[in-house]
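Asks: how would this look folded up:
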Amino acid sequence: GVVVADSEPAARRGAKAVKVDYEELPAVISIDDAIAAGSFYEQYGNSLATGDLEAGFAAADHVLEGTIRLGGQEHFYLEPNGCIVLPTEDDEYTLISSTQAPNKHQMYVANTLGVPMHKLVCKTKRIGGGFGGKETRSIFMHCAAAVPAYHLRRPVKAILDRDEDMQMTGTRHPFMATYKVGFTKEGRVTALDMHLYSNAGNSWDLSSAVMDRALMHADCVYKFPAQRVTGHLCRTNIASNTAFRGFGGPQGLIAAEMVMERVARHLGFSALDVRQRHLYREGDVTHFGMVMEGCQVVPCWEGALEAAGGWEQRRAAADAFNAEHRWRKRGLAITPTKFGIAFTKLTYNQGGALVHVYTDGTALVTHGGVEMGQGLHTKMAQVAAHELGVPVSSVFIAETSTDKVPNASPTAGSASTDLYGMAVMDACRQLNERLKPYRAQAAEKGWSFAHMATQAYMDRVDLSAHGFYATPDITGFGGARPFNYFVFGSAVSEVELDVLTGDWQLLRSDIVMDVGNPINPAIDIGQIEGGFVQGMGWLCLEEMIWGDKAHPWVKPGHLFTKGPGTYKIPTANDIPVDFRVKLLQNTPNPRAVHSSKAVGEPPFHLGSSVFFALKDAVYAARQAAGITSWFALDAPATPEKLRMACGDELAAPYVAEKEQGWQPLMSC
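Replies: Down below sits the predicted model:
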């Protein structure tokens, strides 16, 4: 139900007066709970495979099995979910929505109210962050606000408080991966069999598409002769989990990285060397059948090592520091990434735009994408200005609105610049074709663009155009080309760990990123920095704590980390002291607007370089304590986990050593 009132305090008092009787039933909260109860979304059963697993394991000198656990992540956008529903006349409604998917909100609100979509207009000027959390999980509150607006014929506004938003709208999917890996004594992986389990929550939402992307990224940047990866969606009783920057890709990428790290440690080899000998090259075929074209894995890898000042020198300096300091240790790691660009649902790979030219020489652009701080509107203005031959200041980007560009795909998947940039270009080229006779006159007579537009208007030339683009030659999940192209990158990070407390500082990070020919390098560098830090937060800081068997001190079924007091995102103190980003040069991308590449999600996984640097520092601490074996470190690597993993005599009474690593007796 919904309680409405003339003020928020009155509405909250009314809501508190409602008494609800609940029947306590057995709850399934975690992935382990779901596996024990056999609680899955059985309709999902996707798997990808290449090569001969049986032969691969037979050829292996060593075979290891293990389990990897990855926590969820709260979106923590600065602006919580909110909407305004404005009824007008004749069952017409205007929705002012904080959403990444205006078309979806238009569709679901229309369905809820039983009115046709042409009577609802959803508008979004901009949103204060989204990261995937405002694609589907904000729809229910918009529908809830629309019902009283329909019955009362009055505007209704709904804004969630931070704790409400965190409890209701879901997070990045927590994952568990089990693996069996075979490899030779030289460090060559011969076979890898993985099962990925995600905590989907209490509804299907986008969990199948998230898992599809995880399956396709479970190779990271490594060529394995035989690999199989199978996905499982766990049905649990927590809030439905949803899209988050990377959309399952980071979970698959980090699982592959953890396997490679274990192989290296088992053999006593450098993790860098083991990773390096498996890197994809041009023409290699992935485990889902896509050929690597324009492969920049090696240039990014070598570029990051060079930018970092040379691996051997940095490694030697860290080792020298560790030899001199018992209770402070430094760790160093390099992590590569490969991220596929396109919606795995083929239908979504389309975009539209509407461009008007006015007689004063200015242009108004409306497109289907939503500006949420990623610089999309700025890039669209640049594309339009370039095509029309006018200054960027002469182009204005109007609010995103379903009555201007209908049926738009969600602003997600890092694909918006590709889709809407090409649509804007298409519209502008239509206009240029109509203006071609006037441009010839303008060149002779020195006309301004405004004079040219005015003359075309006087001659009754249409100065408005609708542009459209559909990504060509892609197949969606299950085909040989699910992605339009890949984005590549590598990062080298160095940390310093306080062994006694688990606190740490990120001393330096060097990133080399392949973004094609960037439309706006400043924006792209900002996205790389932000994605890196957010990825670091997921793996090293941000911990979701539910009332489950692992946390009996939390009320059963309740989210404990529902605000900034208990849930910690990265701050200015957590970014690298020395942060260097370099864009790979001379790598044009023929498959996107102006030879550019997407940049929103691909850098996220590079934050894992901090995770592995921290683990490297813990290895140094354990070596000082006389422990040299591999150990499991699940994400997030919180300070208490790092502290307990160091293996010294102070931590020993609180840590139970097991074959697969260690388990803390208490976490707080």
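Asks: rest of the way, CA atoms for contacts and neighbours
Replies: Will do.
Asks: and the helices in the stretch 301-450 of the chain, which stretches?
Replies: In the stretch 301-450 of the chain, the helices defined using DSSP state H, counting those that start in this stretch lie at 311-324, 376-388, 416-445, 449-458.
Asks: ok, which of the ones you listed comes nearest V495?
Replies: Nearest to V495 among these is helix 311-324 (9.5 Å), distances taken as CA to CA.
Asks: return the list of helices and strands in contact with the closest one.
Replies: strand 328-341 (3 or more CA pairs under 8 Å, 6 or more residues apart in numbering; DSSP states H and E).
Asks: for the spatially most central residue of the chain, pull up the helix or strand it's in.
Replies: Centroid-nearest residue in the chain, with CA atoms, centre = their mean: R245, separated by 1.6 Å. Assigned by DSSP states H and E, R245 belongs to no helix or strand.
Asks: and the helices of the stretch 301-450 of the chain: which comes nearest A101?
Replies: helix 416-445 (11.8 Å).
Asks: pull out the buried positions in the closest one.
Replies: For helix 416-445, a neighbour-count test (16 or more other CA atoms under 10 Å) marks 416-432, 435, 438-439 as buried.
Asks: try stretch 618-629
Replies: For stretch 618-629, by 16+ other CA under 10 Å, it's V618, Y619, A620, A621, R622, A624.
Asks: got it, and stretch 578-598?
Replies: So, applying 16+ other CA under 10 Å, buried residues of stretch 578-598: 580-584, 587-589, 592-598.
Asks: which residues does that stretch contact?
Replies: Applying CA atoms under 8 Å, 6 or more residues apart in numbering, the external contacts of stretch 578-598 come out as 300, 341, 414-415, 417-418, 421-422, 484-485, 487, 507-519, 525, 528-529.
Asks: with stretch 535-550 instead?
Replies: 29-30, 70-74, 551, 553-561, 567-570, 604-608, 610-611, 635-639.
Asks: just stretch 36-43 next, same as before
Replies: Here stretch 36-43 has contacts from V28, A34, W204, H232, L233, C234, R235, T236, using CA under 8 Å, 6+ apart.
Asks: try it again at 6 Å.
Replies: The contact list for stretch 36-43, computed with CA atoms under 6 Å, 6 or more residues apart in numbering, reads L233, C234, R235.
Asks: ditto for stretch 630-638
Replies: R69, L70, G71, L539, C540, L541, G661.
Asks: these in helices, which ones?
Replies: The helices, defined by DSSP state H, take in L539, C540 from the contacts of stretch 630-638.
Asks: and the helices in the stretch 551-668 of the chain, which stretches?
Replies: Secondary structure of the stretch 551-668 of the chain (DSSP H, counting those that start in this stretch): helices at 608-624, 639-645.
Asks: what is the nearest of the buried residues of stretch 618-629 to G289?
Replies: Relative to G289, the closest of the buried residues of stretch 618-629 is Y619; by CA to CA it sits at 37.2 Å.
Asks: could you export the helices of the stretch 301-450 of the chain as TSV, including distance to F269 and mean pLDDT?
Replies: TSV is the format used below for those (distance: least, CA to CA, whole Å; pLDDT from 0 to 100):
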stretch	distance to F269	mean pLDDT
helix 311-324	14	98
helix 376-388	44	98
helix 416-445	41	97
helix 449-458	65	98
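Asks: out of those, nearest to N103?
Replies: For those, distance to N103 was read as CA to CA. The smallest value, 14.6 Å, belongs to helix 416-445.
Asks: compute the inter-axis angle for that closest one and strand 328-341.
Replies: 60 degrees (axes from the mean of the first three to the mean of the last three CA atoms, to 10 degrees).
Asks: show me what helix 416-445 is packed up against.
Replies: strand 350-357, strand 464-470 (3 or more CA pairs under 6 Å, 6 or more residues apart in numbering; DSSP states H and E).
Asks: gap between the one helix or strand P299 maps to and the chain center?
Replies: Using DSSP H and E, P299 sits within helix 297-307. Mean-position distance between helix 297-307 and its chain equals 23 Å (CA atoms, centre = their mean, to the nearest Å).
Asks: could I get the average pLDDT for that helix?
Replies: Averaging pLDDT along helix 297-307 gives 98.
Asks: just the buried ones from the contacts of stretch 630-638, in PyMOL syntax?
Replies: Buried residues among those (16+ other CA under 10 Å), as a PyMOL selection:
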select buried, resi 69+70+71+539+540+541
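Asks: closest one to L253 out of the contacts of stretch 630-638, please.
Replies: Using CA to CA, L70 is the member of those that lies nearest L253, at 11.6 Å.
Asks: so the closest one touches A177, yeah?
Replies: No - with contacts counted by CA atoms under 6 Å, L70 stays clear of A177, the gap being 8.4 Å.
Asks: check A651 and give its pLDDT.
Replies: A651 is given a pLDDT of 84.
Asks: contacts only, for it.
Replies: Neighbours of A651 in contact, by CA under 6 Å, 6+ apart: M644.
Asks: can you redo the buried residues of stretch 618-629 as TSV with pLDDT and distance to G114?
Replies: Output for the buried residues of stretch 618-629, formatted as TSV (pLDDT from 0 to 100; distance: CA to CA, whole Å):
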residue	pLDDT	distance to G114
V618	98	59
Y619	98	61
A620	98	64
A621	98	64
R622	97	64
A624	97	69
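Asks: want to try TSV for the residues you listed, with distance to Q374 as columns?
Replies: Listed next are the buried residues of stretch 618-629 as TSV, based on distance: CA to CA, whole Å:
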residue	distance to Q374
V618	36
Y619	38
A620	39
A621	40
R622	42
A624	45
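Asks: ranges for the strands of the stretch 551-668 of the chain?
Replies: For the stretch 551-668 of the chain, the strands defined by DSSP state E, counting those that start in this stretch cover 578-583, 655-658, 661-664.
Asks: would you single out the least confident of these?
Replies: Minimum mean pLDDT among the strands of the stretch 551-668 of the chain: strand 661-664, a mean of 51.
Asks: thinking again about what came up before, narrow the contacts of stretch 36-43 to those in strands?
Replies: Per DSSP state E, strands hold the following members of the contacts of stretch 36-43: L233, C234, R235.
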